[in-house]
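What shape does this take:
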Amino acid sequence: MTAATGRLTTSVAPAVAEILFERHLRAPEDPVAAELRPTSQVDRAHVVMLAEQGIVDAAVAGRLLAGIEELRAADFTPLRRLPAPRGRYLAYEGHLVEQLGAETGGVLHSGRSRNDLNATVLRLQLRSPYDRLLAECDTLGRALTAGARRWPTTVMPAYTHHQPAVPITYGHYLAGVAAALVRDLDQLEHAGRELDENPLGAGAVGGTSLPIDSHRTTELLGFTSPLSNSLHAVASRDVVLRLLAACTVLGVLLTRVAHDLQSWTSTENGLLHLPDDLVGSSSMMPQKRNPFLLENVQGKAASALGALTAATTAMSTARYTNAIAVGTEAVGHVWSALTATTDAVVLLRLMAEGAEPRPDLMLRRATEGQTSATALAERLVVAGVPFRTAHHEVGDISREAAERGRPFEEMAAERLTGRPAELLAGLDPASVARAATAGGGPGTAGVLAAADDATGRLGTLRAAATARRERWAAAEKTLTSAVTTLISRSAA
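Numbering: from 1, shown residues only. Predicted structure coming up:
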């Protein structure tokens, strides 16, 4: 990739190149392994449990597990040549029967259906992309709070209706975005709690008469509890809808922030400057510095909404029982949406980390935008003037200042001659922003407190994600140990 274009001196950041230019060039994920590795993981837990419950002889279970381990070690290569007219799982099970005999391979599906198997496999498959999304949101949150602490006094206008409104600080803006992100991340964490519930044991829809132990497979697969109702276990994929809904809400935040950054990095505004590795040039126009990543953020952040609409529509066509429309068609939309949302989070984080405010220009815009007007009206209220009267009087000052090309503060001093001196003291935007301490305003202490609050909440969510990840890893070790023990005993 060319490092320079003339106008730009570097190539894009490596993370940007990976997301936008390189990932699609690599071979896609192997669909056989993507399906059969989590499937065989469930099989390992299921067979261990069958042996421990005395449903299957321990020696038979050991030989069956050895056959499964052999396939996993070979990355399921023997299955890649086999036809799968009724799906990969039945081809996989058929291979085990053929290789190990019906007395061994044929016991694999005891007390189980593809219905509860598929519901369980989905949860295992969702773990990695879900965990990555949470981790990237946490990283974005830390970038935002770091920015809030770095620029708590960098005065700029807050905008409403695309017009300067009141003075805030860039740190105040970033702390506000962090607060919203924490709320969205909390909803993502809540949406994913169903991933911790184990549907294995529900069978086709009505459970099983075999004395299986769902609590044991729950432990071996890293879940927290088995689902208590077999119908719910196989009929529902609501976790997909909840994840997509949470991603959709998060995507709205990402898109709105991207809109702000687009405006503030434009040549006309120029409130923020982006480094060369976060902008692009033009193939024809050599002067261009395009913040194109923000358009990618907007496009990728919208993916979840489309997926939610499609998944919801597919599920609404099915009755409340196991259904292909639910378990296959609706679920198929979640993967690309999780990837796109995670990419949007990463790209926005890079922009938040790389954007540098231009304090002098920000302050000038706040001054020229007469952002101190509301503070003056409030001071008149303190002096005993009814707010609506004060609003009208200050509005008249604002109009005259604009018409005469005079600074607002000078016009106010001229028009309010004879009023108490403290009415006009400290009426510059920086002083007004510092004084706005009530209602979560941009006063420095408030900005830092908001950043600390967001940091604390992020830490709580991060600890929960870490505990979940450790539980998954511990379960993997426990399961592997149980599998190894049974295989060793069968070989003795």
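
Quick check: the residue located most distally from the centre of the chain vs T328, distance?
Counting by C-alpha atoms, centre = their mean, the extreme residue of the chain relative to its mean C-alpha position is G418, 56.5 Å from that point. Distance, G418 to T328, using C-beta to C-beta, to the nearest Å: 78 Å. Using the backbone N, CA and C atoms, a C-beta is placed for each residue, glycine as well.

now do L50
In this structure, L50 and T328 are 27 Å apart, going by C-beta to C-beta.

The two - which one has more neighbours?
Set side by side, L50 and T328 show more neighbours around L50, with 27 against 12, by other C-beta atoms under 10 Å.

That one and G111 touch, don't they?
Yes - with contacts counted by C-beta atoms under 8 Å, L50 reaches G111, the gap being 7.2 Å.

overlap in contacts of the two?
The overlap between the contact sets of L50 and G111 (C-beta atoms under 8 Å, 6 or more residues apart in numbering) consists of I212.

Chain neighbours aside, what residue packs nearest to A475?
G222 (3.3 Å; C-beta to C-beta, 6 or more residues apart in numbering).

I'd like to check which residues are in contact with that neighbour.
Residues in contact with G222, defined by C-beta under 8 Å, 6+ apart, are R471, W472, A473, A474, A475, E476.

do you know how far it is from D131?
In terms of C-beta to C-beta, G222 sits 12 Å off from D131.

in the protein, which helix or strand is least confident?
Ranked by mean pLDDT, DSSP states H and E, the weakest helix or strand in the chain is helix 14-17, scoring a mean of 79.

now it, how far from the chain's geometric center?
When C-alpha coordinates are averaged (C-alpha atoms, centre = their mean, to the nearest Å), helix 14-17 and its chain have centres 18 Å apart.

If you count neighbours, what's buried in stretch 194-214?
In terms of neighbour count (16 or more other C-beta atoms under 10 Å), stretch 194-214 has its buried residues at 194-203, 207-208, 212, 214.

Closest one of the residues you listed to L140?
L195 (21.6 Å; C-beta to C-beta).

how about the closest one, phi and psi?
In this entry, L195 is assigned phi and psi values of phi -60, psi -20 (degrees, to the nearest 10).

Tell me how many other residues crowd the closest residue in space to it that isn't next to it in sequence.
Among residues not flanking L195 along the chain, R123 sits closest, at 5.0 Å (C-beta to C-beta, 6+ apart). Burial measure for R123: 24 neighbouring residues, criterion other C-beta under 10 Å.

rewinding a little: filter the contacts of G222 to the buried ones?
The neighbour-count test (16+ other C-beta under 10 Å) marks W472, A475 as buried among the contacts of G222.

Packing partners of the least confident helix or strand of the chain?
Using 3 or more C-beta pairs under 8 Å, 6 or more residues apart in numbering; DSSP states H and E, the elements in contact with helix 14-17 are helix 334-354.

so how far is the helix it packs on from its chain's centroid?
For helix 334-354, the distance between its averaged C-alpha position and the chain's averaged C-alpha position is 7 Å (C-alpha atoms, centre = their mean).

Show me which residues of it are buried.
Using 16+ other C-beta under 10 Å as the burial criterion, the residues of helix 334-354 that qualify are 334, 337-354.

mean confidence score for it?
Taken as a whole, helix 334-354 carries a mean pLDDT of 96.

Please apply the same query to stretch 45-60.
Predicted confidence along stretch 45-60 averages 97 (mean pLDDT).

Start at 331, not 1
Right, with 331 as the first residue, what we last looked at is stretch 375-390.

what number of residues lie near the closest residue to A784 other than its chain neighbours?
On the basis of C-beta to C-beta, 6+ apart, the spatially nearest residue to A784 that is not a chain neighbour turns out to be A508, at 4.1 Å. By other C-beta under 10 Å, the residues close to A508 number 27.

My guess is A508 contacts A476. True?
No - between A508 and A476 there is no contact under C-beta under 8 Å: 9.5 Å.

after the strand or helix carrying G506 comes which helix or strand?
The secondary structure element spanning G506 is helix 500-521 (assigned by DSSP states H and E). Next in sequence after helix 500-521, counting helices and strands by DSSP H and E, comes strand 527-528.
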